[in-house]
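Peer 1: what's the 3D shape of this:
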Amino acid sequence: MTDAPFFARAEAWLLRLRQQGRSPHTLAAYRRDLAQLAELLPERTAAPQRRDIIAALKRLSQQNLNPRSMMRKLSVWRQYCAYLLRENLLAADPTAGIKAPKPPERLPKAIDCETLNTLLDRAAPRDALSLRDLAVAELFYGSGLRLSELAALDLDDVLFEAGWLTVSGKGKKQRQIPLTAKSSAALQNYLPHRRAAAGETALFTNRTGTRLGVRQIAKRLQQWALRQGSAQHLSPHMLRHSYASHLLQASRDVRAVQELLGHQSLSTTQIYTKLDFAHLAKVYDDAHPRAKRKTDGAGQEGQ
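Peer 2: Model prediction:
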């Protein structure tokens with residue numbers, strides 16, 4: 001056990017996470033969370049105790065930080081402590097047994113199936129950019145991709161004959177996802193017009209022929225939706241949620257949807273099952289003999 005300051009190995013830990021495939025965005029967030037902990041602790045050079053971590057969380061709560069952010073920060077602190085324990089740089093885990101306030105459950109937004117399909121079927125692309133934008137929208141909804149996953153797609157990831165996409169998800173874990181007929185057709189219409197700089201392998205490129213960035217994709221998707229007459233904001237996240245909820249409505253196979261979405265935990269996928277309430281209520285109303293109560297001629301039941 002060394003007497004090195006608690007935060008002395010922070011950069012080494014972040015480097016290891018980068019080597020494991022964590023994104024720059026994630027690493028930047030982790031670095032900020034550790035820096036905030038350093039500001040909240042009474043002594044930066046001393047190894048924190050359990051009471052110090054609890055006091056830090058209380059101070060965050062007093063600053064009206066939302067519970068979801070507090071849970072994320074505690075998770076980062078816990079991961080860093082676990083790393084120090086593995087390296088024999090910490091005698092005991094000061095985060096052990098500490099729980100952040102549980103955030104209120106927030107159901108993802110999904111677009112009505114008929115509304116979404118009408119938007120996609122209505123599209124009539126006339127140039128290279130609109131052909132690309134339709135292919136992007138079809139892939140988001142047809143394969144349930146994360147924004148980062150779609151942006152990272154290369155030409156070789158699309159297997160037209162097999163009808164599959166090879167996707168690199170979180171932690172660079174690869175999975176194969178079915179390619180819908182609509183997505184395949186939209187991609188084949190787009191590819192002859194794809195611009196590519198020398199050596200560029202990206203599936204979706206911008207005007208200069210380089211890889212289309214995540215912000216560009218999100219912005220173009222919203223613009224595409226407005227052109228199709230969408231009455232609501234449309235985001236990559238909403239299309240992924242719509243993909244998941246519509247699949248569950250049709251199949252009820254949570255395990256299969258978990259694999260398709262690339263969720264590590266089944267509980268993450270199960271939140272989509274709660275989006276089915278309206279659908280289930282309609283099935284009940286249409287099918288159950290006791291769902292709709294009949295009234296007598298006076299319009300009152302049981303009188």
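
Peer 1: contact partners for Val158?
Peer 2: Residues counted as contacts of Val158 (Cβ atoms under 8 Å, 6 or more residues apart in numbering) are Leu165, Leu179, Leu187, Leu203. To be clear about C-beta, it is placed using only N, CA and C from the backbone, and glycine gets the same treatment.

Peer 1: correct me if wrong: Gln228 contacts Pro125.
Peer 2: No: in this structure, Gln228 is not within contact of Pro125 by Cβ atoms under 8 Å, at 10.7 Å.

Peer 1: that older thread, which one of the contacts of Val158 is nearest to Ile98?
Peer 2: Nearest to Ile98 out of those is Leu165 (Cβ to Cβ; 40.8 Å).

Peer 1: so what strands line up beside the helix or strand hosting the closest one?
Peer 2: Secondary structure assigned from DSSP states H and E places Leu165 in strand 164-168. Looking at strand 164-168 with DSSP bridges, its partner strands are strand 158-159 (antiparallel), strand 174-178 (antiparallel).

Peer 1: picking up where we left off before, tabulate the contacts of Val158 (JSON lines), appending neighbour count and pLDDT.
Peer 2: Listed next are these as JSON lines, based on neighbours: other Cβ atoms under 10 Å; pLDDT from 0 to 100:
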{"residue": "Leu165", "neighbour count": "25", "pLDDT": "89"}
{"residue": "Leu179", "neighbour count": "20", "pLDDT": "88"}
{"residue": "Leu187", "neighbour count": "24", "pLDDT": "96"}
{"residue": "Leu203", "neighbour count": "24", "pLDDT": "96"}
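
Peer 1: which of the residues you listed fall within helices?
Peer 2: Leu187 (DSSP state H).

Peer 1: which two of the contacts of Val158 have the greatest separation?
Peer 2: Leu179 and Leu203 (12.0 Å).

Peer 1: lowest average pLDDT across the strands paired with strand 164-168?
Peer 2: Here the lowest mean pLDDT among the strands paired with strand 164-168 goes to strand 174-178, at a mean of 84.

Peer 1: any buried residues in it, and which?
Peer 2: Ile177 (16 or more other Cβ atoms under 10 Å).

Peer 1: run the chain-centre distance for that strand.
Peer 2: How far strand 174-178 lies from its chain's middle: 16 Å, per Cα atoms, centre = their mean, to the nearest Å.

Peer 1: what comes into contact with that strand?
Peer 2: 143-145, 163-169, 259-260, 262.

Peer 1: residue ranges in this structure under the pLDDT threshold?
Peer 2: By pLDDT under 70, the low-scoring segments of the chain are 1-4, 43-46, 103-108, 171, 248, 250-257, 259, 262-303.

Peer 1: residue contacts, Gln188?
Peer 2: Contacts for Gln188 were tallied using Cβ under 8 Å, 6+ apart; they are Phe160.

Peer 1: give me that answer again for 10 Å
Peer 2: Leu131, Ala135, Val158, Phe160 (Cβ atoms under 10 Å, 6 or more residues apart in numbering).

Peer 1: got the phi/psi numbers for Ala123?
Peer 2: phi -60, psi 140 (degrees, to the nearest 10).

Peer 1: who's in contact with the closest residue to it other than its chain neighbours?
Peer 2: Once flanking residues are discounted, Ala123 sits nearest to Leu134: 4.9 Å by Cβ to Cβ, 6 or more residues apart in numbering. By Cβ under 10 Å, 6+ apart, Leu134 lies in contact with 120, 123-125, 182-183, 185-187, 189-190, 224, 228.

Peer 1: mind redoing it with 8 Å?
Peer 2: By Cβ under 8 Å, 6+ apart, Leu134 lies in contact with Leu120, Ala123, Pro125, Ala186, Asn189, Tyr190, Trp224.

Peer 1: for the last one, what are its contacts?
Peer 2: Contact partners of Trp224, counting by Cβ under 8 Å, 6+ apart, are Ala123, Ser130, Asp133, Leu134, Val136, Ala137, Leu234.

Peer 1: state the distance from it to Arg86.
Peer 2: Trp224 sits 47 Å away from Arg86, taking Cβ to Cβ, to the nearest Å as the criterion.

Peer 1: and the first one, by the same measure?
Peer 2: From Leu120 across to Arg86, the span is 49 Å (Cβ to Cβ).

Peer 1: please apply the same query to the third one.
Peer 2: Relative to Arg86, Pro125 is positioned 53 Å away (Cβ to Cβ).

Peer 1: between those two, which is the more surrounded one?
Peer 2: Shown here are Pro125 and Arg86; by other Cβ atoms under 10 Å, Pro125 has more neighbours (18 against 9).

Peer 1: what's the neighbour count on Leu84?
Peer 2: Applying other Cβ under 10 Å, we find 21 residues neighbouring Leu84.
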